[in-house]
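Asks: Okay, structure incoming, though there's no sequence with it:
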């Protein structure tokens, strides 16, 4: 068992923003018209991400057209700047992964500071009631910006603390961010991560922190049910809480959402099972990882270890369950120089199994 525990590791799981790197990015484009109604060249487009910190700029071309690609999904404020002054903007613009958002501006109809005096479509001055409505709208936009600043400040406070493994401060920052806006899944996901981090650092409070992590993951999943990373990491927390059936259900869902990485999700589950002393379900999890990813070398190695843990010794010979030697051999086929190659060979030798090689002699050279 000690050999198994030393050999086993849980794959690092990249959360939230790293996962978004697996998917596509988004883009935004449009046409800007000046106060005279004609296309405006050289206007600066300022693109500010609102849910987390991020700023991007681009200028309009001679056709008044602008385009900015490679954007992460999220909510944005898009502004038009002329001579360094904001002339118009749109707030809360949703940018979705894999899509191009079309957003046009017409400064001849703009109500932003620096634009022409507010008027209706006929060019007449707005009524007092219309002006009051515009003022109300501007105040609402200002309040939204202030809220987003508070959200960004708290979120970045949490991220900075988490990067330094300062879990108490990270939890404080992410909690403040959730108080500002409870609809941001990235906030709940990072808060859950922080609780998991503190659970590892301070085992005395592990159960309480894992319970809070599970609650935060549930909120993140409730807001973004198609995020396999949340499902995966929630499952790992459930497994640590010995809620194995629930963990299995979350991993199954993660595999359906992200089939390309399904094998890794089951490998992680198997690792948690081993580290909590549950070898039977660990064997099943590693076998499932192999079925989902037949070229997953490490899964074969861990599957072999989980099988040999059930072996008996008779007259100095290890009698392992069927499939054990084959698992180690497959690992060696896939990773002949892998980090566990020598251990795999030693395990096969203890069973009296012969390690097969695929060495081919060069022309004129005899095989040794």
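Replies: Received, thanks. Here the structure is a predicted model, which means the values were calculated and not measured.
Asks: Which is the succeeding secondary structure element to the helix or strand of the chain with the lowest mean pLDDT?
Replies: When each helix and strand of the chain is scored by mean pLDDT, DSSP states H and E, helix 17-20 comes last, with a mean of 28. Per DSSP states H and E, helix 17-20 leads on to strand 26-33 as the next helix or strand towards the C-terminus.
Asks: In contact with residue 295: list those residues for me.
Replies: residue 334 (C-beta atoms under 8 Å, 6 or more residues apart in numbering). (Glycine included, C-beta is placed from N, CA and C.)
Asks: Distance check, it against residue 51.
Replies: Distance, residue 295 to residue 51, by C-beta to C-beta, to the nearest Å: 37 Å.
Asks: same check, this time on residue 270
Replies: 35 Å.
Asks: With residue 226 instead?
Replies: Per C-beta to C-beta, residue 226 is found 17 Å from residue 51.
Asks: Comparing those two, which residue is more hemmed in?
Replies: The residue with more neighbours, out of residue 226 and residue 51, is residue 51; 21 against 11, by other C-beta atoms under 10 Å.
Asks: I figured the more buried one was touching residue 74, is that so?
Replies: Yes: using C-beta atoms under 8 Å, residue 51 makes contact with residue 74 at a distance of 4.6 Å.
Asks: Endpoint to endpoint, stretch 173-192 covers what distance?
Replies: One end of stretch 173-192 sits 12 Å from the other (C-alpha to C-alpha, to the nearest Å).
Asks: in that stretch, what's buried?
Replies: 173-178, 180-181, 184-192 (16 or more other C-beta atoms under 10 Å).
Asks: Likewise for stretch 211-227?
Replies: Quick answer for stretch 211-227 (16+ other C-beta under 10 Å): 212-214, 216-217, 219-221, 223, 227.
Asks: Now pLDDT too, for these, in TSV please.
Replies: Shown next, in TSV, are those (pLDDT from 0 to 100):
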residue	pLDDT
212	97
213	96
214	97
216	96
217	95
219	95
220	93
221	94
223	91
227	89
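Asks: Counting only helices, which of those make the cut?
Replies: Secondary structure assignment (DSSP state H) places 212-214, 216-217, 219-221, 223 from the buried residues of stretch 211-227 within helices.
Asks: okay, now the domains of this protein?
Replies: 25-113, 294-363 (automatic domain parsing).
Asks: Tell me which two in the buried residues of stretch 211-227 are the farthest apart.
Replies: 212 and 227 (19.3 Å; C-beta to C-beta).
Asks: Now do the helices in the stretch 1-150 of the chain.
Replies: Taking DSSP state H, counting those that start in this stretch as the criterion, the stretch 1-150 of the chain contains helices spanning 2-7, 17-20, 128-163.
Asks: Quickly, which of these bottoms out on average pLDDT?
Replies: Lowest mean pLDDT within the helices of the stretch 1-150 of the chain: helix 17-20, at a mean of 28.
Asks: The longest strand along the chain pairs with which strands, and in what direction?
Replies: The strand that spans the most residues within the chain, counting by DSSP state E, is strand 85-95. Applying DSSP bridges, strand 85-95 is found paired with strand 74-82 (antiparallel).
Asks: and the strand it pairs with with strand 26-33, angle?
Replies: Going by axes from the mean of the first three to the mean of the last three C-alpha atoms, to 10 degrees, strand 74-82 is angled at 30 degrees with respect to strand 26-33.
Asks: And the strands in the stretch 201-350 of the chain, which stretches?
Replies: 312-314, 317-319 (DSSP state E, counting those that start in this stretch).
Asks: So what touches the last one?
Replies: Spelled out, that is strand 317-319. For strand 317-319, the external contacting residues (C-beta under 8 Å, 6+ apart) are 308, 311-313, 350-352.
Asks: Buried ones in that strand, by neighbour count?
Replies: Buried residues in strand 317-319, counted by 16+ other C-beta under 10 Å: residue 318.
Asks: What's the mean pLDDT across that strand?
Replies: Averaged over strand 317-319, pLDDT sits at 76.
Asks: next one: stretch 293-310
Replies: 90.
Asks: Work out the gap between that stretch and the centre of the chain.
Replies: Here the centre of stretch 293-310 is set off from its chain's centre by 27 Å, with C-alpha atoms, centre = their mean, to the nearest Å.
Asks: end to end, how far does stretch 315-332 reach?
Replies: Start-to-end span of stretch 315-332 (C-alpha to C-alpha) is 27 Å.
Asks: For it, could you pull out the residues that count as buried?
Replies: Under the neighbour-count criterion of 16+ other C-beta under 10 Å, stretch 315-332 has 318, 320, 324-325, 327-332 buried.
Asks: For residue 279, the count of nearby residues, please.
Replies: Residue 279: 18 neighbours (other C-beta under 10 Å).
Asks: Since that was my last question, I'll sign off now.
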